[in-house]
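Colleague: no sequence on this one, just coordinates:
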């Protein structure tokens, strides 16, 4: 292949335009255009096009990148074919490849079966029942709290009133806090209705979490400041590290465990059914079973 013709094919791979459509070998490969060959192994224009950058670039750069790829491909093919002839233990490699392929196919098929047959949701009452029956599995590794967090500029109007309001949780006061925060606060997080791990506050509040954790049993309202902001935290309820994880926090874990158990159970059922069916059809035969030897 001449340099000019080779460059045209490289550019064709990048632009998606099949130049040299009259190439005499094109028909031999189902309409594909070969661009290089090493001892019977072919590289085609469409393969080259898939691996080249999709963004636009000057034609000279495109040709250079394509040229480098083709050269690397040729060198790799040459090295591989030489390795095939010289590497010892080739049979062992083929066994490893076969085992890996088998594993990939099995995993893919099992995943397909699971998605088709075990994709239905788990009822809430089932999740709750599992949680209640396996409390020892769901233990807090850090405190969890319910409450309110506010970060407001120290220059915000009415800040002193806010410092009084945030300690109370009656509806009227909470409504005032909400309206104030929408106008003035940088952060306003209301979590009276759900649990939050203490570490979730780490990047939001200028407080030492270790000190805060130590004081949870005696203090409900925390305040601190930096040069620009005031941080207010009200803890309405807490659960300490080592105690049972609240259901809300444990629920994703409960769901994962139950889902995994159902998948394992279903796949065992599939295997058992396959075994019984093929035994009945006489497709399974045992020779020199271990149990036979132990009885001799």
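Modeller: Arrived safely, thanks for sending. Quantities reported herein were computed from a predicted structural model and do not represent experimental measurements.
Colleague: Is it correct that residue 81 is in contact with residue 40?
Modeller: No. Residue 81 is beyond contact range of residue 40, at 9.5 Å (criterion: CB atoms under 8 Å). All C-beta spots, glycine's among them, are computed from the backbone N, C-alpha and C.
Colleague: neighbour count winner among these two?
Modeller: Using other CB atoms under 10 Å as the criterion, residue 81 and residue 40 rank with residue 81 on top: 14 against 7.
Colleague: Please name the nearest non-neighbouring residue to the more buried one.
Modeller: residue 39 (5.8 Å; CB to CB, 6 or more residues apart in numbering).
Colleague: need the contact list for the closest residue to residue 245 other than its chain neighbours.
Modeller: Spatial nearest neighbour of residue 245, excluding adjacent residues (CB to CB, 6+ apart): residue 138 at 4.2 Å. By CB atoms under 8 Å, 6 or more residues apart in numbering, the contact list for residue 138 reads 131, 244-245, 250, 253-254.
Colleague: The same query, at a cut-off of 7 Å, please.
Modeller: Counting by CB atoms under 7 Å, 6 or more residues apart in numbering, residue 138 touches 131, 244-245, 250, 253.
Colleague: Then residue 206?
Modeller: 224, 226, 231.
Colleague: That one falls within a strand, correct?
Modeller: No. Using DSSP: H, G, I helix; E, B strand; the rest coil, the secondary structure at residue 206 is coil, not a strand.
Colleague: Against residue 180, how distant is it?
Modeller: 20 Å (CB to CB, to the nearest Å).
Colleague: which one of the contacts of residue 206 has the most neighbours?
Modeller: Using other CB under 10 Å as the neighbour criterion, residue 231 leads the contacts of residue 206 with 20 neighbours.
Colleague: Any idea what it is bridged to?
Modeller: Per DSSP bridges, the residues bridged to residue 231 are residue 151, residue 224.
Colleague: is it true that it touches residue 208?
Modeller: No. Using CB atoms under 7 Å as the test, residue 231 is too far from residue 208 to be in contact (11.8 Å).
Colleague: Could you say which helix or strand holds residue 148?
Modeller: Counting by DSSP states H and E, the element that carries residue 148 is strand 144-153.
Colleague: For that strand, which residues meet the burial criterion?
Modeller: 144-152 (16 or more other CB atoms under 10 Å).
Colleague: so how far is it off the chain centroid?
Modeller: Distance of strand 144-153 from the chain centroid (CA atoms, centre = their mean, to the nearest Å) equals 30 Å.
Colleague: Just the residues contacting that strand, thanks.
Modeller: 159, 162, 166, 181, 184-192, 195-198, 201, 204-205, 228-239, 246, 249.
Colleague: Could you list which of those belong to helices?
Modeller: 159, 162, 181, 184, 249 (DSSP state H).
Colleague: Break down the stretch 51-200 of the chain into its helices, ranges please.
Modeller: 59-86, 90-117, 124-133, 159-165, 171-184 (DSSP state H, counting those that start in this stretch).
Colleague: May I have the phi/psi pair for residue 44?
Modeller: Main-chain dihedrals, residue 44, degrees, to the nearest 10: phi -110, psi 160.
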